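[1] build me a model from this:
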Amino acid sequence: MVDTQFEVIVIGAGHAGCEAAYIAARIGAKTALVTLDTNSIGQMSCNPAIGGIAKGHLVREVDALGGIMGEVIDATGIQFRLLNRSRGPAVQSPRAQADRNLYRTEMRRRLATTEGLSILEGEVAEIKFIGDRVTGVELADGTVIEARTVVLTTGTFLNGLIHVGKKTFQAGRSGEPASIKLANCIRGIGFKTGRLKTGTPPRLDGRTIDYTKFAVQPGDQRPVPFSFKTDEINRPQIACFIGYTNEAVHDVIRTNLDKSPLYSGDIKGIGPRYCPSIEDKVVKFAEKSRHQIFLEPEGYNTYEIYPNGISTSMAEEVQHEFVRKIAGLENVKLLRPGYAVEYDFVDPRELFATLETKRIRGLFHAGQINGTSGYEEAAGQGIVAGINAARSALDRDAVLLDRAASYIGVMIDDLVTKGADEPYRMFTSRAEMRLSLRYDNADQRLTPLAREIGSIDDADYEAFEQRQRDIDTVKKFLSNTKVTDLGEEKLNEMNLDGSPDSYRGRKLDYLARRPDCSAEKLIEIVKAAIADKAGEKEIVVALNDIRYSGYLKDQETLARRRGRYDDLEIPGHVDFNRISGLSNEVVQKLGNVRPRTIGQAARIPGVTPAAVSILLVEMLRT
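    Below is the predicted model:
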């Protein structure tokens with residue numbers, strides 16, 4: 001007999017739902033995860049990858065709070081890369097290709113073995129509530145499941161509508177039904193809703209690709225894990241490949257734009273700005289003669305290839321034609337066409353920062369229902385919604401994440417204060433304190449909170465404390481060891497500016513702050529001296545902490561300064577195109593709104609704190 005009494009119900013088993021259900025159960029709430037299909041738990045609906053710029057930071061933060069996305073990708077990844085290695089540590093971020101089937105299987109296995117978590121298969125048709133308080137849900141078969149709190153993580157399923165050329169049909173994703181009754185229930189409650197759109201490329205048969213016409217993109221020799229619990233990753237890695245579209249491809253697309261639902265007016269939803277379809281790229285960036293494509297394998301035991309960069313909703317025959325114009329894909333077989341999906345979302349300004357709705361107490365929203373785009377953004381919201389749903393059900397205080405202490409906090413604050421007029425994607429530039437929000441220090445920032453709320457166990461917290469002790473050991477070594485103790489030969493090897501005599505009296509932490517000092521060489525020096533007291537990961541964190549210490553003071557000063565100048569006027573004649581450093585998106589939005597003050601500019605959705613700082617400096621200079 002199905003249990004119908006729970007403390008927390010999570011609707012939907014995508015990336016938001018998985019994190020919400022897992023963390024709610026970990027905290028101690030009796031939790032039900034309700035999904036249309038238990039075989040689709042943790043499904044990667046679009047590209048088979050986790051992480052990326054800023055997104056990898058989110059995964060690390062989810063892990064630091066006790067979530068599971070990082071552990072699952074570490075266990076199922078087939079290629080790992082640390083992005084932005086040539087830039088500063090604050091903007092470096094891990095990314096991994098996943099074995100799509102292994103990821104789904106591993107996520108389901110971990111959830112199924114989580115104490116206090118039940119997985120139920122069924123369609124939620126209605127949210128039940130009395131007055132302004134949620135009481136549970138009703139399934140399409142009439143079953144009522146009661147709970148003190150409910151977390152809604154519907155992804156693209158609310159009134160989902162798929163487009164392939166002129167063909168249109170209701171679905172949440174290919175082969176899975178849309179949630180129509182639940183969408184009607186949400187609208188009936190009175191939530192302000194809108195329509196968004198996302199898309200996916202056709203899948204290719206890797207056996208029919210000429211890889212000699214593509215550049216090889218290997219993984220890192222020493223992969224950087226996502227989870228702080230993972231010591232190292234030793235699995236074999238699979239290469240990805242890089243290619244490009246060409247004018248012949250673009251000509252086919254231009255000729256057939258009348259068959260594109262995106263340009264015929266059939267699609268009403270707003271698509272993601274930073275992951276546009278190939279037809280959007282061809283039209284909006286007509287001056288470009290080519291666009292990059294990444295051929296990404298979908299797993300160890302499949303020949304299916306995901307061509308990242310050519311998302312499309314063009315007619316199926318048009319997809320066949322333009323794909324085969326790409327060098328190396330002349331004889332490729334398309335396993336299934338790409339498509340666009342439109343879906344309902346709820347204005348995230350309907351939420352408190354806990355992700356609880358303002359209209360119905362005990363009802364929480366997380367993931368794409370809040371107007372976001374991406375697995376990682378969904379997971380970050382899922383863990384916050386799950387934590388607060390569980391704590392509410394257990395009569396405990398809510399947990400809020402500060403935007404100064406986490407990217408998850410930045411994202412949620414952006415959503416609940418500014419809303420979303422297009423799919424929201426995380427970028428490092430969205431955070432005022434981004435220099436302190438590195439991927440490698442997420443545990444320093446968030447694991448003490450996880451311990452406080454009971455989402456990590458004793459062994460994991462002891463491992464965290466040991467890492468912090470090791471980091472302190474490295475810092476003490478650097479602050480107590482003289483540069484001259486290295487010897488003249490070692491100093492010469494480091495190619496530092498100035499003579500060895502100029503470093504007399506200086507300590508190694510001074511070198512760590514110098515831009516001309518190789519971090520790799522310092523790491524080797526520290527490893528050789530105290531290898532028995534700290535590992536390389538802890539050495540890297542210590543060096544990064546020291547290197548950024550001075551910049552953090554400047555960052556805090558600029559943040560305070562920006563607040564003082566909220567009322568500074570922006571002249572009406574300003575040409576935002578001429579301000580160096582502003583992105584095209586920011587220029588467009590400033591031009592459309594024409595803000596009168598710095599404070600007003602800062603409140604425009606899509607105008608980042610980094611852009612506000614640039615604008616402030618420009619206004620003070622004129």
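[2] what packs against the longest helix along the chain?
    Scanning the chain for the helix with the most residues, using DSSP state H, yields helix 536-564. With contacts taken as 3 or more C-beta pairs under 8 Å, 6 or more residues apart in numbering; DSSP states H and E, helix 536-564 sits against helix 458-480, helix 508-513, helix 519-530, helix 609-621. For glycine as for every other residue, the C-beta is placed from the backbone atoms N, C-alpha and C.
[3] what about it, average pLDDT?
    In this model, helix 536-564 has a mean pLDDT of 78.
[4] list the contacts for Ala315?
    By C-beta atoms under 8 Å, 6 or more residues apart in numbering, the contact set of Ala315 is 164-167, 256, 259-260.
[5] so who does the residue nearest to Leu543 when sequence neighbours are not counted touch?
    Closest residue to Leu543 apart from its sequence neighbours, by C-beta to C-beta, 6 or more residues apart in numbering: Ala512 at 5.2 Å. The contact partners of Ala512, taken as C-beta under 8 Å, 6+ apart, are 478, 519, 522, 543, 546-547.
[6] quick check: Gly219 vs Ile186, distance?
    Separation of Gly219 from Ile186 (C-beta to C-beta, to the nearest Å): 42 Å.
[7] sorry, that was for Ile408
    24 Å.
[8] next: Ile546.
    Counting by C-beta to C-beta, the gap from Ile546 to Ile186 is 50 Å.
[9] just want to know which of the two has more residues nearby.
    Legend: neighbour count by other C-beta atoms under 10 Å for Ile546 and Ile186, higher for Ile186 (25 against 20).
[10] quick one: the more buried one and Phe345 touch, right?
    No: taking C-beta atoms under 8 Å as the definition, Ile186 is not a contact partner of Phe345, at 10.0 Å.
[11] which residues are in contact with both of those two?
    With C-beta under 8 Å, 6+ apart, Ile186 and Phe345 have common neighbours 158, 193.
[12] per-domain residue ranges of the chain.
    8-196+343-453, 203-341, 470-556, 576-621 (automatic domain parsing).
[13] using CSV, lay out these together with distance to Asp566.
    Shown next, in CSV, are the domains of the chain (distance: least, C-beta to C-beta, whole Å):
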stretch, distance to Asp566
domain 8-196+343-453, 14
domain 203-341, 27
domain 470-556, 17
domain 576-621, 3
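[14] burial check on His57, number of neighbours?
    31.
[15] same check on Thr597?
    Thr597 is flanked by 15 other residues according to other C-beta under 10 Å.
[16] Asn184 too?
    15.
[17] any idea how far it lies from Ile127?
    Taking C-beta to C-beta as the measure, Asn184 falls 11 Å from Ile127.
[18] same check on Phe226?
    33 Å.
[19] those two - which one has more neighbours?
    Ranked by neighbour count (other C-beta under 10 Å), Phe226 and Ile127 place Phe226 first, with 27 against 23.
[20] is the closest residue to that one other than its chain neighbours in a helix, a strand, or coil?
    Once flanking residues are discounted, Phe226 sits nearest to Gly70: 3.6 Å by C-beta to C-beta, 6+ apart. The three-state label given to Gly70 by DSSP: H, G, I helix; E, B strand; the rest coil is helix.
[21] quick check: Gly70 touching Ile233?
    No: assessed by C-beta under 8 Å, Gly70 is found out of contact with Ile233, at 11.7 Å.
[22] intersection of neighbour lists for these two?
    With C-beta under 8 Å, 6+ apart as the test, Gly70 and Ile233 both reach Pro225.
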